[in-house]
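Enquirer: okay, predicted coordinates and the sequence, questions at the end:
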Amino acid sequence: MAYITGEREFFGRAFQVTADVLVPRPETEVLVDLALRVLRASPDHGALRVADLGTGSGCVAVTLAAELPQLSVIATDTSEAALGVARANAERHGVAHHVQFVRTSWADGIDELDTVISNPPYVTTAELQAADGEVRDFEPSLALLGGDDGLDAYRALAESLQHRVRAAGTVLLEVDTNRVEAVRQIFSATLPDATASTQVDLTGRARILELRRPPA
């Protein structure tokens, strides 16, 4: 239906969606809510380097910029078409001057970051094949498919973040509830000093993995 109407509500705002982007999900609002709490806890969040990696429709980056007017966000994606949708959403909500859109893979080519937010693809090949037609036939597989074990994107993201998360930095990841520990292990090599914790979604299932590096 979102592809028919051309939009979906997310965090109280209407976002344009096309066949080039994933339809924003309610569970991703949990990711944004946690990111806002983490950022607001900083006395000068406007000075932080914040990135939404794999931005898709831009719903995360645009919402963060709209909720925190002092904030500047870097939003990356490998798809130029997806970035076009994200730019349109930033314009729609008056935050285009607060969001820098970069076509790249995850954090490649980006300087060190204080806060990273990402919702990587985590559907396995078998799960996508078994999904209902609404997901399988209409949503872009690039934004869904995480390989045979659903972890390919997390491996690539972890490698991309190597040496790019500053001391006292935070990485917030949306994860499949059945693969939280597997994702934590992947990032233990990239962020060996980080403390890991999980946040649950509205159904009480672990949905967000939070990784916090200690201060220098």
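Expert: Ah, there it is.
Enquirer: give me the phi and psi for Leu36.
Expert: phi -60, psi -40 (degrees, to the nearest 10).
Enquirer: for this protein, just list every one of the helices.
Expert: 2-5, 26-40, 59-67, 80-92, 125-130, 133-138, 152-160, 180-190 (DSSP state H).
Enquirer: in TSV: the ones you listed, plus mean pLDDT.
Expert: Output for the helices of the chain, formatted as TSV (pLDDT from 0 to 100):
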stretch	mean pLDDT
helix 2-5	71
helix 26-40	96
helix 59-67	98
helix 80-92	97
helix 125-130	60
helix 133-138	48
helix 152-160	95
helix 180-190	95
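Enquirer: which of those sits most buried?
Expert: helix 59-67 (a mean of 26; mean count of other Cβ atoms under 10 Å). Yep, even glycine has a C-beta here, placed from its N, CA and C like the rest.
Enquirer: what helices and strands are in contact with it?
Expert: When contacts are defined as 3 or more Cβ pairs under 8 Å, 6 or more residues apart in numbering; DSSP states H and E, helix 59-67 packs onto strand 13-16, helix 26-40, strand 50-53, strand 73-77, helix 80-92, strand 99-103.
Enquirer: how about 10 Å then?
Expert: Helix 59-67 sits against strand 7-10, strand 13-16, helix 26-40, strand 50-53, strand 73-77, helix 80-92, strand 99-103, strand 113-118, with contacts defined as 3 or more Cβ pairs under 10 Å, 6 or more residues apart in numbering; DSSP states H and E.
Enquirer: picking up where we left off before, and of the helices of the chain, who's closest to Arg212?
Expert: Closest approach to Arg212 among the helices of the chain (Cβ to Cβ): helix 26-40, 8.6 Å.
Enquirer: quick one on the thing from earlier: can I get the helices of the chain in a markdown table including distance to Gln199?
Expert: A markdown table is the format used below for those (distance: least, Cβ to Cβ, whole Å):
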| stretch | distance to Gln199 |
| --- | --- |
| helix 2-5 | 25 |
| helix 26-40 | 5 |
| helix 59-67 | 15 |
| helix 80-92 | 24 |
| helix 125-130 | 23 |
| helix 133-138 | 24 |
| helix 152-160 | 17 |
| helix 180-190 | 10 |
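Enquirer: note down every partner strand of the top strand by length along the chain and its orientation.
Expert: Counting residues, the longest strand in the chain under DSSP state E turns out to be strand 165-174. Under the criterion DSSP bridges, strand 165-174 sits next to strand 113-118 (parallel), strand 206-212 (antiparallel) in its sheet.
Enquirer: name the nearest residue to Asn89, sequence neighbours excluded.
Expert: Once flanking residues are discounted, Asn89 sits nearest to Gly58: 4.5 Å by Cβ to Cβ, 6 or more residues apart in numbering.
Enquirer: gap between the one you found and Thr28?
Expert: 12 Å (Cβ to Cβ, to the nearest Å).
Enquirer: show me what the residue nearest in space to the middle of the chain bridges to in the sheet.
Expert: The centroid of the chain falls nearest to Ser118 when counting by Cα atoms, centre = their mean (2.4 Å). With DSSP bridges as the criterion, Ser118 is bridged to Leu53, Leu173.
Enquirer: tell me the contacts of it?
Expert: For Ser118, the contacting residues are 31, 51-55, 60, 76, 106-107, 153-154, 157, 160-161, 171-174, by Cβ atoms under 10 Å, 6 or more residues apart in numbering.
Enquirer: please apply the same query to Asp201.
Expert: With Cβ under 10 Å, 6+ apart, Asp201 has these contacts: Arg25, Pro26, Glu27, Thr28, Glu29, Val30, Leu31, Glu174, Thr177, Arg207, Ile208.
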